[in-house]
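>>> what follows is a predicted protein model with its sequence.
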Amino acid sequence: MNVAAIEAAGARPGVRLGLLLGVLGVVYGDIGTSPLYAFKASLEVFKGDGMTTWEVMGILSLMFWSLVLVVTIKYVILIMRADNRGEGGILALMALALRVSQGSRMHRVVALVGISGACLFFGDGTITPAISVLSAVEGLEVVSPELKEFVLPGSAVVILLLFLVQSHGTETMGRVFGPIMAVWFGTLGVLGVIELVGHPYVLQSVNPFYAFELVVHYRWTAFVALGAIVLTVTGAEALYADMGHFGRRPIRLAWLFYVLPCLVLNYFGQGALVLSDPTAVDNPFFKLGPDWLRLPMVILATAATVIASQAMISGAYSIARQCTQLGFLPRMAVSHTSATEEGQIYLPQVNFALLLGVLILVVTFRTSDSLAAAYGIAVTGTFTCTCVLAMVVFRRQYGWSRPLAVGVFGLFFLIDFAFFASNVLKVPEGGWVPLVLGGALVAIMTSWKRGRDLLLSRWKQDSLPLASFLARLPQSRTIRVPGIAIFLTGNPDYVPNALLHNLKHNKVLHERVLFVTVHNEDIPEIRQAERTGVEQLAPGIHRVVIRYGFMESPNIPRDLAELRAKGVEFDPMQASYFLGRETIVSATTPKMSLWRLWLFLLMARNAVSATEFFRIPSDRVVELGVRVAI
């Protein structure tokens, strides 16, 4: 159901409740599983010489105000206002920022910030399944210490099964995600309340004085602790990224009136438990409930972490497709797992890469505490990039004054940067993982973008202007044969090389010729009425421009069939698609560094063919080889 339909049906209580359950199941899986490890990791910094009451309350105060400032005010209230035709996420925000940026230098900076944030999101998507599933299965140690040896293999099995079922789609699993997460958050809140009944004074941690006192007294140690406290807000980016699926209002309502209270109550309950029973410091989450509840909590926690992981995996698919549509990644195979929902997709290459990365992390780090160091940098890096882009958008698009934009987002940037800087200290312990992964992805994306730009420039140099070709056509006495010839071209003002090669070798031109250009726009989706534009250039020759948003998958045959409604005769059984298969080689004087050129050539050779990517029937395709040097 799209946002417009949801709003139209908003008066019906059943729809409203179902929508809120959907929000719980998709949007809040990641941040909802943070209580498994966030408070425990934060205590590690202070527990060496025993925990004091004001230390615990200082940590709780920092966690509470992180949820309020970073998630509630920054994301829920402010950044969710910046939507690209209803869609959110860092790439949608980058598209908005590029639209209002002035100058090529500013464009490059904005694009680099956006791509860096997207690459760190991929790191987040790799680490989330590893740390979440490990932290849940580690509850077996609390049930019985003898079960410790089953934690690692059990986690690996859960992760393997999770990735193996991805090709079947999430529609069936999605029906139960919402109710499970509703039970999960309700259980978090109830367990916290039970512990707080006996120790209500812990609620005083909402006073920011405790956070301030902890920072002033400990200084360096408190700064180090920020690297663990930030785990409280992991998943905040998902609120913004999933806005297009549910709309702002349901996400805000679910957060303010259910998710946030349940999380705060659970964190405070864990704090009360540690103060009343210091031995619970090794795993306060699973020791929060009675003994008989621990095994059911392990099962429920595992289900919740699978849901959290599923949300990040699906997000990685969407980000990868958006990067492809925006020209930062080569074409990849995209499978649609739902007949009705465009956004439910499966990318085999991305799925395999994520599975391999997650299993390597689990085997290498072995515990959730070890992975916490790697997790923080990916999250805080994305936060920082989002903050920079939001400053540009709110200043240029929403007309905020420079002092207001810099003042508001400058404050959030300082908070995000403090979290990021604290996590930089953990680079030797595992923080290098998202940095290496993000750096490698930035190199891949920028190399592909640079290579494609050089390729387009070379095509313009070697190609014949279309106007010149059409002017000479009546005098050329070219033989016209029956049928429809479709030539894909990246530049509608130049003759495709495939047509020139066809004329050179076959000496004929079809009675009807379509020059088809695909434009990828910086908006999420294109209205169907605006999808296809057609222009007659000469008798029997038309130029067709098909537009796709960055969240859509191209389907050229389907959209060419719409030409009949525009008065252009089109019979798919009479159509032949002429494609140029480029053989890219190094020029005598390459315009790219050798390592970038090698990387670009490797990606070009392994990219999915245009036939598969544009969903062109393979038996209607004629490929003509073209050699291009860059």
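Structure received.

>>> shaky segments in this protein?
Filtered on pLDDT under 70, the chain yields the residue ranges 1-16, 48-50, 169-175, 245, 336-344.

>>> tell me where it has strands.
335-336, 345-346, 479-488, 508-520, 532-538, 541-548, 575-585, 621-629 (DSSP state E).

>>> so which of the ones you listed comes closest to residue 607?
For residue 607, the closest of those is strand 575-585, at 10.4 Å, according to CB to CB. (Glycine included, C-beta is placed from N, CA and C.)

>>> may I have the closest one as PDB, with CA atoms only?
Extracted as PDB, the C-alpha positions of strand 575-585 are listed here (Å, rounded to 0.1, in the frame of the first residue of the first chain):
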ATOM      1  CA  ALA A 575      11.000  -5.500 -33.000                       C
ATOM      2  CA  SER A 576      14.700  -6.200 -33.100                       C
ATOM      3  CA  TYR A 577      17.000  -4.600 -30.500                       C
ATOM      4  CA  PHE A 578      20.400  -3.600 -31.800                       C
ATOM      5  CA  LEU A 579      23.000  -3.200 -29.000                       C
ATOM      6  CA  GLY A 580      26.600  -2.300 -29.000                       C
ATOM      7  CA  ARG A 581      28.800  -4.600 -27.000                       C
ATOM      8  CA  GLU A 582      31.800  -2.500 -26.000                       C
ATOM      9  CA  THR A 583      35.300  -4.000 -25.700                       C
ATOM     10  CA  ILE A 584      37.000  -1.400 -23.500                       C
ATOM     11  CA  VAL A 585      40.800  -1.200 -23.700                       C
END
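
>>> adding mean neighbour count, write the strands of the chain out as TSV.
Below are the strands of the chain laid out as TSV (neighbours: other CB atoms under 10 Å):
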stretch	mean neighbour count
strand 335-336	15
strand 345-346	20
strand 479-488	17
strand 508-520	19
strand 532-538	15
strand 541-548	19
strand 575-585	18
strand 621-629	14
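
>>> how about these in TSV, adding distance to residue 185?
Output for the strands of the chain, formatted as TSV (distance: least, CB to CB, whole Å):
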stretch	distance to residue 185
strand 335-336	31
strand 345-346	28
strand 479-488	49
strand 508-520	39
strand 532-538	45
strand 541-548	37
strand 575-585	51
strand 621-629	51
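
>>> which of these sits closest to residue 60?
Short answer: strand 345-346, nearest of the strands of the chain by CB to CB, at 40.3 Å.

>>> so how far is that closest one off the chain centroid?
Averaging C-alpha positions (CA atoms, centre = their mean, to the nearest Å) puts strand 345-346 13 Å from its chain's average.

>>> who does that strand pair up with?
With DSSP bridges as the test, strand 345-346 is paired with strand 335-336 (antiparallel).

>>> if I look at residue 579, how far off is residue 537?
Distance from residue 579 to residue 537, counting by CB to CB, to the nearest Å: 20 Å.

>>> out of the strands of the chain, nearest to residue 605?
Among those, strand 575-585 comes nearest to residue 605, with 8.3 Å by CB to CB.

>>> show residues contacting that closest one.
Around strand 575-585, the neighbours that count as contacts under CB atoms under 8 Å, 6 or more residues apart in numbering are 451, 455, 483-488, 496-499, 501-502, 510, 557, 560, 600-601, 604, 610-611, 616, 620-630.

>>> longest helix in this protein, please.
Identified as the longest helix of the chain according to DSSP state H is helix 104-137.

>>> how about that one, which residues are buried there?
110-111, 113-137 (16 or more other CB atoms under 10 Å).

>>> which other helices and strands does it contact?
With contacts taken as 3 or more CB pairs under 8 Å, 6 or more residues apart in numbering; DSSP states H and E, helix 104-137 sits against helix 90-100, helix 151-164, helix 294-325, helix 348-365, helix 368-396, helix 432-462.

>>> between helix 368-396 and that helix, find me the angle.
Here helix 104-137 runs at an angle of 150 degrees relative to helix 368-396 (axes from the mean of the first three to the mean of the last three CA atoms, to 10 degrees).

>>> quick one: contacts for residue 493?
Here residue 493 is in contact with 465-467 (CB under 8 Å, 6+ apart).

>>> ok, which of the strands of the chain comes nearest residue 268?
Evaluated over these, closeness to residue 268 peaks at strand 345-346, with 39.8 Å, by CB to CB.

>>> quick one on the thing from earlier: a markdown table for the helices and strands packed on helix 104-137, including distance to residue 258 and mean neighbour count?
Listed next are these as a markdown table, based on distance: least, CB to CB, whole Å; neighbours: other CB atoms under 10 Å:
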| stretch | distance to residue 258 | mean neighbour count |
| --- | --- | --- |
| helix 90-100 | 26 | 24 |
| helix 151-164 | 26 | 17 |
| helix 294-325 | 15 | 22 |
| helix 348-365 | 29 | 18 |
| helix 368-396 | 23 | 24 |
| helix 432-462 | 30 | 17 |
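
>>> next, format these as a markdown table and append distance to residue 547.
Output for the helices and strands packed on helix 104-137, formatted as a markdown table (distance: least, CB to CB, whole Å):
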| stretch | distance to residue 547 |
| --- | --- |
| helix 90-100 | 14 |
| helix 151-164 | 34 |
| helix 294-325 | 11 |
| helix 348-365 | 25 |
| helix 368-396 | 23 |
| helix 432-462 | 18 |
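
>>> show me the one of the ones you listed that comes nearest residue 285.
Proximity to residue 285 (CB to CB) singles out helix 294-325 among the helices and strands packed on helix 104-137, at 8.1 Å.

>>> let me see the domain layout of the chain.
3-450, 463-629 (automatic domain parsing).
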